[in-house]
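**Student:** Fold the following for me, if possible:
(2 chains)
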Amino acid sequence: MDADALVRDYLTRLDRAATALPAGRRDELTAEVREHIETALTKAGDRGEVTVRNVLERLGAPDEIVAAESGPAGSAAPAGPALSAPSGWTSGSAPPPGWAPAPSASRWGPVEIIALLLLSVGWLILPFIGSLLALVFVWASDRWSTREKVIATVVVLMLVALPLALFMGTSSGVSLTGPQSIPEPIHP
Amino acid sequence: MRDMVPSVARDPLTELRRGVLEYCVLATVRRWEAYAFDIVLVLSRAGGLLTSEGTIYPLLSRLRRDGLVATIWRESESGPPRRYYRITEEGQRALDGFIAEWDRFRAAVDAVLMGRVEEGS
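**Tutor:** As a prediction, this is how the structure comes out:
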């Protein structure tokens, strides 16, 4: 394998090892390491196979680099926004530690706003149906998590079921038996 | 804990090194701004602090996220612009705290290792 192929192979392995990282950070890490190799080879003034192998060996295994992304056990000082950075310097702008697959887009798109409007005032316009329609929009959202959707659904179904249960003169326990027990919408 | 590689597990200083490394990085960018490659040079020159140079990038990314260092892009004489790092006030505080702790820690370990601690009565 010639020198350039060694570098390419290394970067490919790094990129593959980094699939679990958020896309932005994955690209950034690969770019940083690529630049590191470039700088090291420039400083060495030689791009022969031996030099390249040494540079790559000093970098460490791709797996090891990616593993360091999650930090040492019990990492760093408590996070906080840095107020001291002079203009031009940026800090603390990236997502919090822990690498949750943070959604980069806003959590509020048209679907979410309609869902929220229906959830809040939908029942005034269309009793029951408005609220159930709201759930359709809640589940259509690709920005809210399944957990959030389930919570919204349970809350709405309970709010719909409660007046029904009271109206029918039965005990409120009925409303707790689950979504399947919700009768067809009835006029209040 | 994460290291199941025998050669690493045999090195008793691995975890310790990993723990102090971020403060060594903070100390490196305390007085001057530096770019990652320079930080690596300082740490390797100090001797064995950074066993895999590539792990500096995840570390710098974390320090950035935690607001302990700030970054700026600067033109370089050769090649593409480089990202330079410097410590923030937050980082300064973390480093000062660590230095005080480290002094006590080192004194305690030395005292025990050298057999200077007397047994209680």
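
**Student:** switch to C-alpha atoms for all contacts and neighbour counts from now on
**Tutor:** Will do.

**Student:** so who does B:Cys24 touch?
**Tutor:** By C-alpha atoms under 8 Å, 6 or more residues apart in numbering or on different chains, the contact set of B:Cys24 is B:Leu43.

**Student:** can you confirm it is in a helix?
**Tutor:** Yes - counting by DSSP: H, G, I helix; E, B strand; the rest coil, B:Cys24 falls inside a helix.

**Student:** any idea how far it lies from chain A?
**Tutor:** 12 Å (C-alpha to the nearest C-alpha, to the nearest Å).

**Student:** Quick check: pLDDT value at that residue.
**Tutor:** At B:Cys24, the model reports a pLDDT of 96.

**Student:** for chain A, what are the nearby residues on chain B?
**Tutor:** Counting by C-alpha under 8 Å from any C-alpha of the partner chain, the residues of chain B lying close to chain A are B:15, B:18-19, B:22, B:37, B:51-55, B:57-59, B:62-72, B:88-90, B:94.

**Student:** again, only using 6 Å
**Tutor:** B:52-55, B:58, B:64-67, B:70-72, B:89-90 (C-alpha under 6 Å from any C-alpha of the partner chain).

**Student:** buried residues in stretch A:126-142?
**Tutor:** The neighbour-count check on stretch A:126-142 (16 or more other C-alpha atoms under 10 Å in any protein chain shown) flags A:127-135, A:137-139, A:141 as buried.

**Student:** got those residues as TSV, with pLDDT and secondary structure columns?
**Tutor:** TSV is the format used below for these (pLDDT from 0 to 100; DSSP: H, G, I helix; E, B strand; the rest coil):
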residue	pLDDT	secondary structure
A:Pro127	75	coil
A:Phe128	74	coil
A:Ile129	75	helix
A:Gly130	78	helix
A:Ser131	78	helix
A:Leu132	76	helix
A:Leu133	78	helix
A:Ala134	79	helix
A:Leu135	77	helix
A:Phe137	73	helix
A:Val138	76	helix
A:Trp139	78	helix
A:Ser141	76	coil
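
**Student:** For chain B, tell me which of those residues show up nearby.
**Tutor:** Okay, of the buried residues of stretch A:126-142, nothing touches chain B (C-alpha under 6 Å from any C-alpha).

**Student:** pLDDT weak spots in chain B?
**Tutor:** Low-confidence segments of chain B, defined by pLDDT under 70: B:1-10, B:121.

**Student:** would you list every one of the helices in it?
**Tutor:** Remark: helices assigned in chain B by DSSP state H are B:6-9, B:14-31, B:36-47, B:56-65, B:89-113.

**Student:** now chain A
**Tutor:** Remark: helices assigned in chain A by DSSP H are A:3-17, A:23-44, A:49-59, A:62-67, A:110-125, A:129-140, A:146-167.
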